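Let's see this in three dimensions:
(one chain, ligands or ions: 2)
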Amino acid sequence: MINKDLDDLYQKLAQCVCAEDLFIKIKSKNAETFTKKIKEHYRKLAKIAHPDRYQDAEEKEVAEEAFIALNRLYNSALQKISDGTYGDKADDSSSFFIETAKRPYFIDETIAEGDLATVYGGHCRGGEDAGQVAIKVAEDAEDNDLLKCELRIVKLLHAEASTYSKHLPVILDEFKTTEGQVGIVMRKIDGYDLYSIRDKYPQGIPQNHVIWIFRRVLSILGYAHSKGIIHGNIEPAHIMVRPHDHNVYLIDWCYAIYKPATTGQGFKCLNEDYSAPEVSERKPPIPASDLYSLGKCMVYLLGGDINTLEMPASVDDKIQRFIKFFCRSSPLQRAQDAWQMYGELDRLRKEVFGSHKFIEFIM
Ligand SMILES: Nc1ncnc2c1ncn2[C@@H]1O[C@H](COP(=O)(O)OP(=O)(O)OP(=O)(O)O)[C@@H](O)[C@H]1O
Ligand SMILES: [Mg+2]
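Ligands and ions are numbered 1, 2, ... in the order given. Next up is the predicted model:
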């Protein structure tokens, strides 16, 4: 259980796109007084976020993340005050923007065009990293239900700050276009999906990198499954990797299934390459269905063949066997429990690679 003040601050920081959002109520024309007031407010928040305050490992990790975000916004506020640009509402250069009750979002590029939605890259006024956004808009209002599902599920997963939050998309805002399509504004992830990684490394990436990516997806899946949520569409486009700190994100929760045993919900889509056999057989969704898709994604990332499950000879036999355990057709003979597999993988990692070393992943 995360300390309430820390939880509140974490959630607030997650919603800030620029320094002005955090220090919103502080105003002064005199730069010196202004800086002083901002410093005072920062100190109050830094006390809550300071990782040294917490003994519990989970609280400490959440605090570390909050502390980094807080310092980034604080330094940006000081910089803007010194430049005289704090609170500037200058016109933006992008001609295309979407305005919600919260703020305008300026569109800069198209990131991806799916069957169901288009993802645009954009930014908020203020020009900071925190203000880079990805905006997902339904192609057609008929598909709104799926985007609404993503909104609901991601919010549920973020309901309390946890060490898992950093592996999930962060939703900043939502809107409807004049044609009635639902749009979701997310913080932009400065990472690469597995397709982009294979584009850069056509032969696949080494097993020691696949291990940490595998491990992190297992941890977030364990968390989602413990909340009764099945992702329902794990494929290479839905796993994103941030190389510099080895963070991994599981995205696109449009097809997620909530507590199928009580809600009666079934699978919402079939992916010819990555869905488990029970999806086309229209059987009830189970956590093991996600594990099947994840196993296939790992075969793909290693440069293997997702149909025959053949992997490069350089991949350790024990790791190959472990991955194949995820890809068994029969759900009952397959890996069942993400957290248990996370533990297994840790053990396997030690056995194959010895003590853990951070190896830089270059993209
Ligand atoms: N928050 C984000 N930051 C950066 N890139 C993102 C983000 N969300 C999505 N993307 C990129 O856009 C791609 C598509 O995203 P997503 O799967 O959520 O939507 P979609 O495929 O267009 O929708 P659908 O699969 O439901 O038709 C991802 O594979 C990823 O490369
Ligand atoms: Mg998608």
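
residue contacts, the residue in the stretch 1-150 of the chain that ligand 2 sits nearest to?
Per Cβ to the ion, residue 114 is where the stretch 1-150 of the chain lies closest to ligand 2, at 4.9 Å. Using the backbone N, CA and C atoms, a C-beta is placed for each residue, glycine as well. Residues near residue 114 by Cβ atoms under 8 Å, 6 or more residues apart in numbering: 139, 237.

ditto for residue 334
Contacts of residue 334 (Cβ under 8 Å, 6+ apart): 288, 291-292, 325-328.

what residues does this structure put near ligand 2?
Within the chain, the positions near ligand 2 by Cβ under 5 Å from the ion are 114, 252.

What's the local residue count around whichever residue of the chain sits closest to ligand 2?
When scored by Cβ to the ion, the chain has residue 252 as its residue closest to ligand 2, at 3.9 Å. Other residues lying near residue 252 total 26 when counted by other Cβ atoms under 10 Å.

The one 3 residues further on too?
The burial metric for residue 255, expressed as a neighbour count using other Cβ under 10 Å, is 22.

Does it belong to a helix, a strand or coil?
Secondary structure, DSSP: H, G, I helix; E, B strand; the rest coil: residue 255 is coil.

please renumber so the chain begins at 31
Okay, using 31 as the starting number, the last item reads as residue 285.

Wait, it touches residue 175, no?
No: Residue 285 is beyond contact range of residue 175, at 10.8 Å (criterion: Cβ atoms under 8 Å).

Help me see whether stretch 329-347 makes contact with ligand 1, please.
No: Stretch 329-347 lies out of reach of ligand 1 by Cβ under 6 Å from any ligand atom, never closer than 13.7 Å.

which residues of the stretch 131-280 of the chain score low on pLDDT?
Counting by pLDDT under 70, the stretch 131-280 of the chain contains low-confidence residues at 157.

And the strands in it?
Using DSSP state E, counting those that start in this stretch, the strands found in the stretch 131-280 of the chain span residues 134-143, 147-154, 162-168, 201-206, 212-217, 222-223, 259-260, 269-272, 277-280.

got the residues of the stretch 81-230 of the chain near ligand 1?
141-142, 144-147, 149, 164, 166, 199, 216, 218-219, 223.

5 Å - rerun?
141-142, 144-147, 149, 164, 216, 218-219, 223 (Cβ under 5 Å from any ligand atom).

looking at those residues, which has the most residues close by?
Within those, most neighbours by other Cβ under 10 Å means residue 147, with 24 neighbours.

tell me the domain ranges of this structure?
The chain breaks down into these domains under automatic domain parsing: 34-113, 127-217, 222-383.

Turn these into JSON lines, columns for distance to residue 390.
Converted to JSON lines, the domains of the chain look like this (distance: least, Cβ to Cβ, whole Å):
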{"stretch": "domain 34-113", "distance to residue 390": "20"}
{"stretch": "domain 127-217", "distance to residue 390": "19"}
{"stretch": "domain 222-383", "distance to residue 390": "8"}
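
Just give me the neighbour total for residue 48.
23.

Would you confirm that it contacts residue 156?
Yes: using Cβ under 8 Å, residue 48 is in contact with residue 156, at 2.9 Å.

ok, so of the contacts of residue 364, who is nearest residue 101?
Residue 101 lies nearest to residue 321 out of the contacts of residue 364, by Cβ to Cβ, at 37.9 Å.
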